[in-house]
Structures are given as C-alpha cells and as structure tokens.
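[1] Fold the following.
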Amino acid sequence: MSRNIVVYCGASSGNGGRFEEAAVKVADWIAAKGDTLIYGGGNVGLMGIVARRVLAKGGKVHGVIPRILKERGTALEGITELSVVEDMPARKRMMLELGDVCLALPGGPGTLEEISEAFSWSRLGLNPNPCIFFDVDGFWRSTADMYDRMVADGFLTEEDRGKLLFTQSFDAIDEWVGQYRPPRIRQYRTQGKAA
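    Numbers count the residues shown, from 1 in each chain. A predicted model of the protein is given here:
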C-alpha cells in the first residue's frame with residue numbers, strides 16, 4: 001500500500017554534497033516504493049532536489065506552499081499537485097493532514113521547527129504519523145542528545161522518546177514505521193490530580 005511521505009528539508013543544499021546525496025537517496029526510496037512525496041513546494045535547496053528526483057523516477061509529488069512564497073517565484077513547476085495556502089501554519093497543518101510518515105532531512109530552523117512540532121502534536125493526539133530524523137553524517141546527533149536530556153530531566157517520558165527515530169537506514173525506517181503506534185495522549189496534572 002502506497003504512503004504519503006512528508007519530507008521536511010532545507011531551502012539550502014548545505015555544504016559538501018553529502019546532504020544532496022542524501023536527498024537523492026530519500027527520493028529514490030520514495031519513488032521505488034510507489035509512495036508520494038509531500039513537501040513544501042519549493043524549487044530550491046534540498047527541497048528542489050528531492051522533488052525533482054522523485055519526479056524523474058516516475059513518482060508523485062504534492063507540494064504545499066504559502067501564497068507569499070509562491071509569489072516570490074519559489075514554487076517548483078511541473079509537480080503532480082501544488083496546493084497554495086495562506087500562510088506557514090496552514091502549510092504545516094495541510095502537510096500533516098496529507099501525510100502518513102514525517103521525515104526530516106538536514107535543514108535549518110524551519111526544518112527543525114516542523115519535525116519538532118509534528119512530534120509535539122503526536123503527543124497531543126493531533127498527529128498519528130511516525131516522526132523520523134534522517135541523520136546524515138550525524139547531523140541530528142545533538143538533537144537526539146537534547147531529547148535524551150529532556151528524558152533525564154523529566155520533561156519527556158522515556159516511552160515517548162522511543163517514538164522518535166534517528167537513523168540513515170531505510171531498512172530501519174521501514175521496519176520501524178511498520179510497527180509504529182502513536183504515543184498515548186498526554187495527560188496533564190493540576191494540583192497533583194490528573195486534569
């Protein structure tokens with residue numbers, strides 16, 4: 001059964017070529033499985049690389065782009081479907097609604113924000129999709145360490161930490177996605193009682 005793979009990634013390509021190579025590998029993985037790429041609709045950086053490669057391999061690409069970015073000429077032409085939304089929050093919401101899996105390639109603050117929000121929403125029962133950091137050359141290692149620190153300092157349960165995958169292995173991703181179960185909806189306590 002085909003899936004919609006939400007890919008968060010940089011509007012830049014990074015340095016050294018290894019991030020571009022990773023974007024190509026992710027695109028090949030998506031296309032080979034007959035999945036659809038859901039992404040931010042851009043024509044630059046890793047965004048453009050992964051989308052063009054999926055198309056070149058005969059795959060489907062659905063871009064979701066805010067109107068202001070489309071007006072600046074950053075939308076990739078010729079993709080399977082392009083949804084133009086009013087703003088960035090609407091883009092993130094639509095991408096999650098369309099998706100089955102959330103995967104973050106290396107990127108900047110926007111990429112980190114998007115995958116972090118997707119994981120945060122999963123703990124609220126608002127995102128049933130597994131969240132994966134595609135850890136190219138240890139790019140996301142410090143992020144994994146931060147999540148481990150959240151557990152150690154009591155801000156994140158170990159069970160919920162286990163709902164995040166950091167890997168560069170497609171076999172590990174496929175296995176993990178196949179057995180994934182969303183986190184239990186977070187319960188809050190007020191004055192020592194469950195809210």
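[2] where are the low-confidence patches of the protein?
    190-195 (pLDDT under 70).
[3] For it, just list every one of the strands.
    Here the chain has its strands, by DSSP state E, at 4-8, 36-39, 60-66, 81-85, 101-104, 131-134, 164-167, 189-190, 193-194.
[4] Looks like residue 122 contacts residue 181 (just checking).
    No - using C-beta atoms under 8 Å, residue 122 makes no contact with residue 181, being 10.6 Å away. (Each C-beta comes from the backbone N, C-alpha and C, glycine too.)
[5] ok, these two, which is more surrounded?
    residue 122 (23 against 8; other C-beta atoms under 10 Å).
[6] For the more buried one, give its distance to residue 130.
    Counting by C-beta to C-beta, to the nearest Å, the gap from residue 122 to residue 130 is 8 Å.
[7] and for these two, which residues touch both?
    Listed as contacting both residue 122 and residue 130 by C-beta atoms under 8 Å, 6 or more residues apart in numbering are residue 163.
[8] rewinding a little: mind putting the strands of the chain into TSV with mean neighbour count?
    Formatted as TSV, the strands of the chain follow (neighbours: other C-beta atoms under 10 Å):
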stretch	mean neighbour count
strand 4-8	27
strand 36-39	26
strand 60-66	22
strand 81-85	16
strand 101-104	24
strand 131-134	26
strand 164-167	18
strand 189-190	8
strand 193-194	7
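[9] would CSV of these with distance to residue 158 be doable?
    CSV is the format used below for the strands of the chain (distance: least, C-beta to C-beta, whole Å):
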stretch, distance to residue 158
strand 4-8, 25
strand 36-39, 30
strand 60-66, 33
strand 81-85, 36
strand 101-104, 21
strand 131-134, 16
strand 164-167, 11
strand 189-190, 18
strand 193-194, 20
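[10] closest to residue 149 out of the ones you listed?
    Nearest of the strands of the chain to residue 149, taken as C-beta to C-beta: strand 164-167 at 13.4 Å.
[11] In terms of secondary structure, what does the closest one contact?
    strand 131-134, helix 141-152, helix 170-179 (3 or more C-beta pairs under 8 Å, 6 or more residues apart in numbering; DSSP states H and E).
[12] what's the second one packed up against?
    In terms of contacts (3+ C-beta pairs under 8 Å, 6+ apart), helix 141-152 is packed against helix 158-161, strand 164-167.
[13] partner strands of the last one, parallel or antiparallel?
    The pairing partners recorded for strand 164-167 under DSSP bridges are strand 131-134 (parallel).
[14] Any idea how far the partner strand is from the middle of the chain?
    Remark: strand 131-134 is offset 7 Å from the chain centroid, using C-alpha atoms, centre = their mean, to the nearest Å.
[15] send the alpha carbons of it over as CSV?
    C-alpha atoms of strand 131-134 as CSV (Å, rounded to 0.1, in the frame of the first residue of the first chain):
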residue,chain,number,x,y,z
CYS,A,131,8.5,11.1,13.0
ILE,A,132,12.0,10.3,11.7
PHE,A,133,15.2,12.4,11.7
PHE,A,134,17.2,11.2,8.7
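[16] Thank you, goodbye.
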